[in-house]
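Trainee: with the sequence up front, the predicted model follows.
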Amino acid sequence: NATKMAMEECAAGFDGLFLVDAVTGLHLPGEVRSIVHGDALSVDLAALFDGDPHPRRVAAANLPYCITTKAVLRLLASRLFSRLTVMIQREAADKLICAPGSPNWCRFSLLARYYADIRLLFTVPRSCFYPQPTVESAVLQMTPRPPLPHEEERLFLQLAGAAFATRRKALANCLKPLLG
């Protein structure tokens, strides 16, 4: 089962948290401190780690397409994890692993790559699921990058938002609101 393979891959050698939407009867190797069944968009991530001295936390999630962008960026921006492994729709995965300037490059690509180095672990054919979906899935591993200083990060995020605020417009026009 592809989900089990992904969970075992991200569990190996880590002592941390797994954030998953639904897993039952899954054996995870190593010491897993907790499995949290919850909504990746609303669970209080910081509260999960109150008093937890373990810096090597990992998160794994099988994310529905409709929340992929928000959930991935939220998990990465929290800076609480040393690694994040997600199974997402292949189309969304292509946005995260594409080269800058390619047709798939977008705000999601830029922000996710700002927060983390991202690599494709494997694809999951639609035949692995029942009922069979109309799309393929992919499992990605994300390893966080060091953050910029606070003020530089704030400016970068503001610039990234402005650069992708409107489609098919010149970058100079998108940046006018920032430049005054």
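Mentor: Yes, it's here.

Trainee: what residue ranges in this structure are flagged as low confidence?
Mentor: 1-35, 37, 53-56, 167-180 (pLDDT under 70).

Trainee: let me see the ranges of the strands in it.
Mentor: 17-20, 34-37, 58-62, 83-89, 116-124, 137-144 (DSSP state E).

Trainee: gap between the two ends of stretch 116-131?
Mentor: 33 Å (C-alpha to C-alpha, to the nearest Å).

Trainee: how much space between the residue nearest to residue 164 when sequence neighbours are not counted and residue 160?
Mentor: Spatially, and ignoring its direct neighbours in sequence, residue 164 is nearest to residue 107 (3.6 Å; C-beta to C-beta, 6 or more residues apart in numbering). Where C-beta positions appear, they are placed from N, C-alpha and C, glycine not excepted. Here the criterion is C-beta to C-beta, to the nearest Å. By it, residue 107 lies 6 Å from residue 160.

Trainee: same question, residue 142
Mentor: 17 Å.

Trainee: buried ones in stretch 68-75, by neighbour count?
Mentor: Residues 68, 69, 71, 72, 73, 75 are the ones in stretch 68-75 that count as buried (16 or more other C-beta atoms under 10 Å).

Trainee: and that stretch, how far from the chain's centre?
Mentor: 5 Å (C-alpha atoms, centre = their mean, to the nearest Å).

Trainee: now swap in stretch 121-141 and tell me
Mentor: That offset, for stretch 121-141, works out to 17 Å (C-alpha atoms, centre = their mean).

Trainee: for the residue nearest to residue 92 when sequence neighbours are not counted, what are its contacts?
Mentor: Among residues not flanking residue 92 along the chain, residue 68 sits closest, at 4.6 Å (C-beta to C-beta, 6+ apart). Applying C-beta atoms under 8 Å, 6 or more residues apart in numbering, we find residue 68 in contact with 86, 88, 89, 92.

Trainee: I'd say the first one and residue 64 touch.
Mentor: By that I understand residue 86. No - using C-beta atoms under 8 Å, residue 86 makes no contact with residue 64, being 11.1 Å away.
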